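Colleague: Pasting a predicted model and its sequence here:
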Amino acid sequence: MGEMELSLAVEYPNNLVEIGQSSIDGGGSGIFVNLEKLRQLPPSKTYSLIVVKRSSTISLEECQRVLQSLAETSKASEIIRHCLLFVHQHLGDQITETLIVFFYVVGYHCIIELGLDVPQISKFKSYLQVLLNTEVNSIQKDSLEELNAIEPYMSKDFLFQVNLEALKSDYAIYELFIESVEKYGITQDKLSIGQFLQFKAAVKSRTLEIPGKVLDDDQFSISITMVPILDYINHSNSLTNSFFDVNEDNDIVLKFEYSSEAFDGQSSQELFISYLPLEDVGKLFFNSGFIPTDDGYKIIQLPINEIDRQLLIENELPTTYIFLLQIKDNEIVQVTFPFDHLMKEVTNSDLTAYHATVAQDCTKALEKLPSNIKGNISAYVSFIRKVLQFVSRQKPETFSQFTGPRNESLIQELCSLIWPSTNI
């Protein structure tokens, strides 16, 4: 491991892991476990591979501890408090845990750039540099010109509209912020607009939901946390083999689930965790910058519904097209309406007529969708194109022939994705 690991409190029990190029398309770097070394250890179903001390993470709780450790009149303390005050003054109606963590990261960066001697912050210098150099393929890195060109075709895509408005706001917020911190000697050469947007994209894509003990109680709470090293681990629901745990010291532990049958003959294995139990294509793209194309079921909301769906309204179902996709070998093999079986009062003929309308709408939307899209948004548009092509070829009566899982947990997961909370 390198300089970042030396400055932060990270442990590697039995030295079983290394960072390398991910095996999945667009995965960037990944973490791999050396299975040959692992097999020499006493047999176990799970192995602890990495331990990151809680003090080496960035979360609201840890950042507050850092702030409390600073002399109130110190320049570092003033900068961090200014960042928090700025959020409340200018972004009070948009506050999320992720947003506050982002401004802590910006504050840490400014303190380090000013060369202030604050060990509890300067230890993150190498990690912040990693964030600045991390490639994030989200619209946060696209130009407004590129996004404005596609906006007419995405006018009903809720996530696109929210993220586009957020990006426009980010440019304005940066100007206000950089003007407000000039009194501390922080200028555009210390924090450029490019760095500001890169930090925003990196924080959105790399934050993890980490459990933590609540004081001396046995209760646990979930916090949005940036965990150096562990945030190299990529997502895959079909390849998940690892998970996070908390040890007796409340530190974060990465554990690997080993099976001699599953990994027979392999010398190493990339580690994967699950970001979402049911993959929402839009949410993963706009928050994490990738399209999930591994085997399994995905959910997608298509922004093409322009007709009042009284049938759906009466049944208290979403009035946008929500499709459940099945992907196999990188191809869409099934597209269905996961809520059809909840429509108790709807006859099969009504449902077939509705499906026929959907197919027609998809065909029209496909004809209008431009093909010369530039920037990271092009990956999302290309995926929508594939879904539209598949649906437009479907026979209406085949929509209800769903062969996927039909259980209560799936329904609950789907319902939570109808109007997804935005975490920007």
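Modeller: All right, it came through fine. What you see is a predicted model; the values in this text were computed from it and never measured. Numbers count the residues shown, from 1 in each chain.

Colleague: Break down the stretch 201-350 of the chain into its helices, ranges please.
Modeller: Per DSSP state H, counting those that start in this stretch, the stretch 201-350 of the chain carries helices over the ranges 281-288, 310-314, 348-368.

Colleague: Flag every buried residue along stretch 248-266.
Modeller: Asp251, Ile252, Val253, Leu254, Lys255, Phe256, Tyr258, Phe263 (16 or more other Cβ atoms under 10 Å). In short, each C-beta sits where N, CA and C put it, glycine included.

Colleague: for stretch 160-169, same thing?
Modeller: Taking 16+ other Cβ under 10 Å as the criterion, stretch 160-169 shows Phe160, Asn163, Leu164, Ala166, Leu167 as buried.

Colleague: I'd assumed Lys141 was in contact with Asn376.
Modeller: Yes: applying Cβ atoms under 8 Å as the test, Asn376 and Lys141 come out as touching, 6.0 Å apart.

Colleague: ok, Ala9 to Ile50 distance?
Modeller: Ala9 sits 12 Å away from Ile50, going by Cβ to Cβ, to the nearest Å.

Colleague: Compare these two (neighbour count), which wins?
Modeller: When neighbours are counted by other Cβ atoms under 10 Å, Ala9 and Ile50 differ, and Ile50 comes out ahead with 27 against 15.

Colleague: show me what contacts that one?
Modeller: By Cβ atoms under 8 Å, 6 or more residues apart in numbering, the contact list for Ile50 reads Val10, Glu11, Tyr12, Pro13, Val17, Ile31, Ile229, Leu230, Val253, Leu254.

Colleague: Now, of the residues you listed, which are buried?
Modeller: Buried by 16+ other Cβ under 10 Å: Val10, Tyr12, Val17, Ile31, Ile229, Leu230, Val253, Leu254, out of the contacts of Ile50.

Colleague: Run through the strands of the stretch 1-150 of the chain in chain order.
Modeller: 10-11, 17-21, 29-34, 46-52 (DSSP state E, counting those that start in this stretch).

Colleague: TSV for the helices of the stretch 201-350 of the chain, including mean neighbour count?
Modeller: Listed next are the helices of the stretch 201-350 of the chain as TSV, based on neighbours: other Cβ atoms under 10 Å:
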stretch	mean neighbour count
helix 281-288	23
helix 310-314	13
helix 348-368	16
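
Colleague: who wins for proximity to Asn234 among these?
Modeller: helix 281-288 (9.7 Å; Cβ to Cβ).

Colleague: from the chain's centre, how far out does stretch 273-282 sit?
Modeller: 9 Å (Cα atoms, centre = their mean, to the nearest Å).

Colleague: Widest-spaced pair of the buried ones among the contacts of Ile50?
Modeller: Farthest apart among the buried ones among the contacts of Ile50 by Cβ to Cβ are Ile31 and Val253. That separation is 13.7 Å.

Colleague: Assess the claim that Gln198 and Leu131 are in contact.
Modeller: Yes: between Gln198 and Leu131 there is a contact under Cβ under 8 Å: 7.2 Å.

Colleague: So for those two, which sits in the more crowded spot?
Modeller: It is Leu131, of Gln198 and Leu131, that has more neighbours when counted by other Cβ under 10 Å, with 23 against 19.

Colleague: tell me the contacts of that one?
Modeller: Counting by Cβ under 8 Å, 6+ apart, Leu131 makes contact with Val105, Gln198, Phe199, Ala202, Val203, Arg206.

Colleague: cutoff 6 Å now
Modeller: For Leu131, the contact set (Cβ atoms under 6 Å, 6 or more residues apart in numbering) comprises Ala202.

Colleague: and what of Thr134?
Modeller: Ala202.

Colleague: let's see 10 Å
Modeller: Gly28, Ser29, Gln198, Phe199, Ala201, Ala202, Ser205, Arg206, Asp231, Tyr232, Gly289 (Cβ atoms under 10 Å, 6 or more residues apart in numbering).

Colleague: List the contacts of the closest residue to Asn14 other than its chain neighbours.
Modeller: Spatial nearest neighbour of Asn14, excluding adjacent residues (Cβ to Cβ, 6 or more residues apart in numbering): Leu41 at 6.3 Å. By Cβ under 10 Å, 6+ apart, Leu41 lies in contact with Pro13, Asn14, Leu16, Tyr47, Tyr258.

Colleague: likewise Ser236?
Modeller: 22-24, 27, 270-275, 279, 292, 294-296.

Colleague: from those, which would you call buried?
Modeller: Ser22, Ile24, Gly27, Glu270, Leu271, Phe272, Ile273, Tyr275, Glu279, Pro292, Asp294, Gly296.

Colleague: Would you confirm that the fifth one contacts Leu230?
Modeller: Which is Leu271. Yes: counting by Cβ atoms under 10 Å, Leu230 is a contact partner of Leu271 at 9.4 Å.

Colleague: what do these two both touch?
Modeller: Ile31, Leu49, Ile50, Ser242, Leu254.

Colleague: May I see the buried ones among the contacts of Ser236 arranged in a markdown table, with pLDDT and distance to Thr336 as well?
Modeller: What follows is the buried ones among the contacts of Ser236, written out as a markdown table (pLDDT from 0 to 100; distance: Cβ to Cβ, whole Å):
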| residue | pLDDT | distance to Thr336 |
| --- | --- | --- |
| Ser22 | 85 | 31 |
| Ile24 | 78 | 26 |
| Gly27 | 62 | 28 |
| Glu270 | 94 | 31 |
| Leu271 | 95 | 32 |
| Phe272 | 93 | 26 |
| Ile273 | 92 | 27 |
| Tyr275 | 83 | 23 |
| Glu279 | 87 | 15 |
| Pro292 | 89 | 17 |
| Asp294 | 87 | 19 |
| Gly296 | 87 | 14 |
